[in-house]
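**Student:** Sharing a model prediction with you, sequence too.
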Amino acid sequence: MDFSNCWLDYRPMEIKEQALSALSVLCEGEIIESAVKEYQLALSRMTGREPEVFREKTNRCVALYLEPLLPIGKDGYEIKKEKDSYHITGQSESGVLYGVFHFLRLIRTGHMDELPVSNAPEMPLRMMNHWDNMDGTIERGYSGNSFFYENYEILYNERIEQYVRLMASIGINAIVINNVNVHQRETYLITDTYLEQVKQYAALFARYGIQLFTSVNFAAPMELSGFDNCDPLNDKVAQWWKDAVKHIYEVIPEFGGFLVKADSEGRPGPFTYDRTHADGANMLAKALAPYGGIVVWRCFVYNCGQDWRDKKTDRARAAYDNFIALDGQFEDNVILQIKNGPMDFQVREPVSPLFGGLKKTNMILEVEIAQEYTGQQIDLCYLLPMWREILDFDTFSEGEGSTVRQIVKGAQYGQNCCGMAAVINTGNDYNWTGNDLAAANTYGYGRMAMNPSLTSEAIAKEWIELTFGAAVADDLTKILMDSWPTYEKYTSPLGIGWMVTPHYHYGPDVDGYEYDRWGTYHRADRNGLGIDRTPAGTGYTAQYNEPWSAIYADRNLCPEELLLFFHYVRYDEVLKSGKTLIQHIYDTHFEGVEEVEEMIERFDGLQNKLPGDVYDRVRERMERQLENAIEWRDRINTYFYRKSGVPDEKGRKIYE
Ligand code: GCW
């Protein structure tokens, strides 16, 4: 099969140190065996020689130990040099595996001088959500088709194995194998129609320390067994789920649990029966609890049938309004999965106020690696700096220091069922991610969930060194680090969002969603634009703790990058930069295109340092990105010029 090795590309390199060619395995287990296999594979690819594997102590070797009492945290590890050997000690089997991957990274990037290291994964759950459908398509997939499914069959091949190694190498420990929009056939994934094949995946995942989850259809008892309702308080419905879950665990003892999208964008849910989301989630949680399974329940619940004329209803309020009153009502094995922002993965959004609101509920932060609204893996947009800002956001839920990071790692309220989840950006394209550089987001997500103390820059550099080598690291790091701000400049200004082609979500269409039912408006008129979310407007700002509720509500204190998210602002109002709003819009859109041109120039300088196919693929995407940026610039500038009648003070070309 033809696929790239991504960051596990163990290209040949000279390795002189003798200790590295012997592996002494002083612990047992199936995950340990994966670690051994990985080490063997890496060393043989790098040196052309299989390392020798001993099942006892030897001299001059890399020794693997398992030490559950290692005072380091769950699934942590230590790597150190002792005399002429290296010791990799894991707190668990997964710890050993992570230690081996870390050690291999040090070898590959020439950073053995960083030893000793000790590390423990910071986020308890480090999940990937696949939006793969069983017909082989991927919702919001920009890298080909699914490698899990084809034509309603579950695939099993080398690529799946490679995928699992990639995931384990970045610390992923939970994978949801199907789309949250569970269609007809996918509803059968938890039945005998598919369970045996799902089991094969679960077993493979388990060998790499990863638990398998499925998205489930809340109306499964109706679709599969002819029930006339799926009311969570109906005993027969609850029993149906208990039986279904019992059977799943008979077949797949290592099964992780369910992910649920309910009452959202047409999916069934408890609202139909006047029940709460706590009723719905708890019903499933009780079925899973005896086996240690969990329910991950999404908070992406809003009215998608809004009237654009109605200025009081505010989609941004929805998640908080729907869930805050339920705080404390969920079973221990329920986790609420909360999208990073109150809307939907826009290029810039404030952090969801639910993180600072819920205190007695398990929470997991959901981000989107798939670049649905951020360039669709055609345009470059390295998302780590965005996620970093989100994790660092101080919610002030218990005074200063109650950051999202503290909350989702479980340190704020002492939850142990929490972490991060991400919609993955992979598909069956040769390079997995469409744009080769988009794999930086895949890699970076895992690394950040393992260790949020790493900077975005360090992660970018590490990924580049592993994937392409050190020669291109500085330039590519710069290209990646500049990419989100650049993308933001040529798309929608100051947090307003949504000026995209409807449904497709690539390219500009300023009014595409303006008169639609999705609750996504910019409200531009001849005087200005933006949404008043202050108490005088929709009141959304009040969902934040102080000082944020006051800061966001104050036109002068509101962080400028979010100005239009929170306020209606006139075109002639002066921003902190001294520019008027309209001039800011023109300037950023011209700059955005210029920055794309500079990026291409910089990238061209790397032509001889990158593999030809990588260069060609990325270069072709960059051409498309430039076209896209130009289209955005001209449409946005023309639109606001027509609305405002104000010319660009620098006299640049704006189409009439
Ligand atoms: O961002 C939106 C997407 C939908 C997606 C939904 C969700 C899976 O446009 O395609 O559905 O969010 O997160 O449920």
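**Tutor:** Cool, got the structure.

**Student:** helix or strand for the residue of the stretch 451-600 of the chain found nearest the ligand, which one?
**Tutor:** Closest approach between the stretch 451-600 of the chain and the ligand, counting by CB to the nearest ligand atom: His505, at 6.7 Å. C-beta: built from backbone N, CA, C; applies to glycine. Assigned by DSSP states H and E, His505 falls within no helix or strand.

**Student:** One more: Leu336?
**Tutor:** strand 334-339.

**Student:** Tell me the helix or strand right after that strand.
**Tutor:** helix 354-357.

**Student:** For that following helix, name the packing helices and strands.
**Tutor:** Counting contacts by 3 or more CB pairs under 8 Å, 6 or more residues apart in numbering; DSSP states H and E, helix 354-357 packs against helix 318-323, strand 334-339, strand 362-368, helix 404-408.

**Student:** Show the residue spans covered by the strands in the stretch 401-550 of the chain.
**Tutor:** Taking DSSP state E, counting those that start in this stretch, the strands of the stretch 401-550 of the chain run over residues 419-423, 528-529.

**Student:** Out of those strands, which is closest to the ligand?
**Tutor:** Proximity to the ligand, assessed across those by CB to the nearest ligand atom, is greatest for strand 419-423 (7.2 Å).

**Student:** partner strands of the closest one, parallel or antiparallel?
**Tutor:** strand 125-129 (parallel), strand 362-368 (parallel) (DSSP bridges).

**Student:** Give me the contacts around the longest one.
**Tutor:** Spelled out, it's strand 362-368. Applying CB atoms under 8 Å, 6 or more residues apart in numbering, the external contacts of strand 362-368 come out as 125, 127, 129, 140, 296, 298, 300, 330, 332, 334-340, 345, 354-355, 383, 387, 390-391, 404, 407-408, 415, 417-423, 445.

**Student:** Please repeat the previous calculation with a cut-off of 7 Å.
**Tutor:** Contacting residues not belonging to strand 362-368 are listed as 125, 296, 334-340, 345, 355, 387, 404, 407-408, 415, 417-423 [CB atoms under 7 Å, 6 or more residues apart in numbering].

**Student:** mind checking the longest helix of this protein?
**Tutor:** Using DSSP state H to define each element, the chain has its longest helix at helix 612-644.

**Student:** Run through the residues of the stretch 101-250 of the chain sitting next to the ligand.
**Tutor:** Within the stretch 101-250 of the chain, the residues that sit near the ligand (CB under 6 Å from any ligand atom) are Trp131, Glu139, Arg140, Val180, Asn181.

**Student:** Could you tell me which residues make contact with the last one?
**Tutor:** Shown in contact with Asn181 (CB under 7 Å, 6+ apart): Glu139, Lys261, Arg267.

**Student:** So which of those residues is surrounded by the most neighbours?
**Tutor:** Lys261 (24 neighbours; other CB atoms under 10 Å).

**Student:** tell me the contacts of that one?
**Tutor:** Lys261 neighbours (CB under 7 Å, 6+ apart): Val180, Asn181, Ser215, Arg267, Arg298, Phe300.

**Student:** ok and the residue in the stretch 201-350 of the chain nearest the ligand?
**Tutor:** Closest residue of the stretch 201-350 of the chain to the ligand, CB to the nearest ligand atom: Asp344 (4.5 Å).

**Student:** what about that residue, how many neighbours?
**Tutor:** Per other CB under 10 Å, the neighbour tally for Asp344 reads 20.

**Student:** What values do phi and psi take at it?
**Tutor:** phi -170, psi 80 (degrees, to the nearest 10).

**Student:** what separates it from Glu598, distance-wise?
**Tutor:** Distance, Asp344 to Glu598, by CB to CB, to the nearest Å: 30 Å.

**Student:** Over to Arg652?
**Tutor:** For Arg652, the distance to Glu598 - CB to CB - is 17 Å.

**Student:** burial count for the closest residue in space to Arg642 that isn't next to it in sequence?
**Tutor:** Of all residues beyond its chain neighbours, the one nearest Arg642 is Glu656 (7.6 Å), with distances taken as CB to CB, 6 or more residues apart in numbering. When counting by other CB under 10 Å, one arrives at 5 neighbours for Glu656.

**Student:** Over to Ile88?
**Tutor:** Counted with other CB under 10 Å, residues neighbouring Ile88 total 26.

**Student:** For the residue nearest the centre of the chain, give me its contacts.
**Tutor:** By CA atoms, centre = their mean, the chain has its centre lying nearest to Ala422, at 2.7 Å. Listed by CB under 7 Å, 6+ apart, the contact set of Ala422 reads Met128, Asn129, Val367, Glu368, Ile369, Tyr445.

**Student:** measure it to Thr395 for me?
**Tutor:** Distance of Ala422 to Thr395, computed by CB to CB: 20 Å.

**Student:** Check which residues of the longest helix of the chain are buried.
**Tutor:** 614-615, 617-618, 621-622, 625-626, 628-630, 632-637, 639-641, 643-644 (16 or more other CB atoms under 10 Å).

**Student:** Surely Ile600 and Met622 touch.
**Tutor:** Yes: with contact defined as CB atoms under 7 Å, Ile600 reaches Met622; the gap is 5.0 Å.

**Student:** This protein against the ligand: which residues are in contact?
**Tutor:** For the chain, the contact set with the ligand under CB under 6 Å from any ligand atom comprises Trp131, Glu139, Arg140, Val180, Asn181, Lys261, Phe300, Asp344, Phe345, Glu372.

**Student:** Columns distance to Ile210 and pLDDT on top of those residues, output as a markdown table?
**Tutor:** Below are the residues of the chain next to the ligand laid out as a markdown table (distance: CB to CB, whole Å; pLDDT from 0 to 100):
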| residue | distance to Ile210 | pLDDT |
| --- | --- | --- |
| Trp131 | 18 | 98 |
| Glu139 | 22 | 98 |
| Arg140 | 22 | 98 |
| Val180 | 19 | 98 |
| Asn181 | 23 | 98 |
| Lys261 | 22 | 98 |
| Phe300 | 24 | 97 |
| Asp344 | 27 | 98 |
| Phe345 | 24 | 98 |
| Glu372 | 24 | 98 |
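
**Student:** tell me which of these is nearest to Thr193?
**Tutor:** Nearest to Thr193 out of the residues of the chain next to the ligand is Asn181 (CB to CB; 19.0 Å).

**Student:** All good on my end, thank you.
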